[in-house]
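Asks: got a predicted model here, sequence first, then my questions.
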Amino acid sequence: MNNYIERISSRSFLHFIVGIFPRIVCWIRYAYFRRKASKKGAKIGENTIILRELAKKANCNLYIGHDSSIGSSKIDLRSKVYIGNHVIISNDSEIITTSHYINSSEWEHKYYGIEIEDYVWIASNVLILPSCRKIGYGAVIGAGAVVVKDVPPMSVMGGNPAICIKHRECVHDKLVISSLLSGDLKFYWRAWINRKK
């Protein structure tokens, strides 16, 4: 956060003005998507970014905390999906929460659901299968990984099937997550107004 504040507060007035217009457009768009998802029964936290496609299919099974960036709409909402605060889910990652009873002659659905705790980062093109019910605090899932079981906190996972490669030393608690997709209007404005004179 300190680097972000320094970067914004050191801008010239003209540079600040040039930066504010695209942020206003994005802020309006993301606020609309949050409102649209909420009207369909989803719970979406403050400053969280979701895509139009996810807002369209949102329902009461979706809960996302504050200051998260969800860059994929490939989230199966037939079962409960809980996504915490400060979570980053990158583009084209897929989360499947529902399967079928394989020993049933009628092949009924089997509902699992998933909980993704705070400060998790899921990189691009990750596939999370229904056998994974929980991704622990601060975990990182590497690009292209296939997750078939629960992920321990602070672990860095990769591969197919995903295994723990190492452990993370800290979480991204200084990052203004909404700035990743230009949805940081409030932070941008506050950093400029409170700059050191």
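Replies: Thanks, I have it. Numbers count the residues shown, from 1 in each chain.
Asks: what residues does the nearest residue to residue 88 once chain neighbours are set aside make contact with?
Replies: Excluding the flanking residues, the one nearest residue 88 by Cβ to Cβ, 6 or more residues apart in numbering is residue 121, at 4.7 Å. In this view, the C-beta of every residue, glycine as well, is placed from N, C-alpha and C. Residue 121 is in contact with 87-88, 90, 139-141, 172, counting by Cβ atoms under 8 Å, 6 or more residues apart in numbering.
Asks: what subset of those residues is buried?
Replies: Buried subset of the contacts of residue 121 (neighbour count, 16 or more other Cβ atoms under 10 Å): 87-88, 90, 139-141.
Asks: endpoint to endpoint, stretch 37-45 covers what distance?
Replies: In stretch 37-45, first residue to last residue: 11 Å (Cα to Cα, to the nearest Å).
Asks: any idea how far residue 162 lies from residue 43?
Replies: Separation of residue 162 from residue 43 (Cβ to Cβ, to the nearest Å): 28 Å.
Asks: how near is the residue nearest to residue 88 to residue 89?
Replies: Taken as Cβ to Cβ, the span from residue 121 to residue 89 is 8 Å.
Asks: and the worst-scoring helix or strand of the chain on mean pLDDT, what does it pack onto?
Replies: Between all helices and strands in the chain, the lowest mean by mean pLDDT, DSSP states H and E belongs to helix 2-9, at a mean of 83. Counting contacts by 3 or more Cβ pairs under 8 Å, 6 or more residues apart in numbering; DSSP states H and E, helix 2-9 is packed against helix 185-193.
Asks: quick one: work out the angle between the helix it packs on and helix 2-9.
Replies: Inter-element angle recorded for helix 185-193 and helix 2-9: 70 degrees (by axes from the mean of the first three to the mean of the last three Cα atoms, to 10 degrees).
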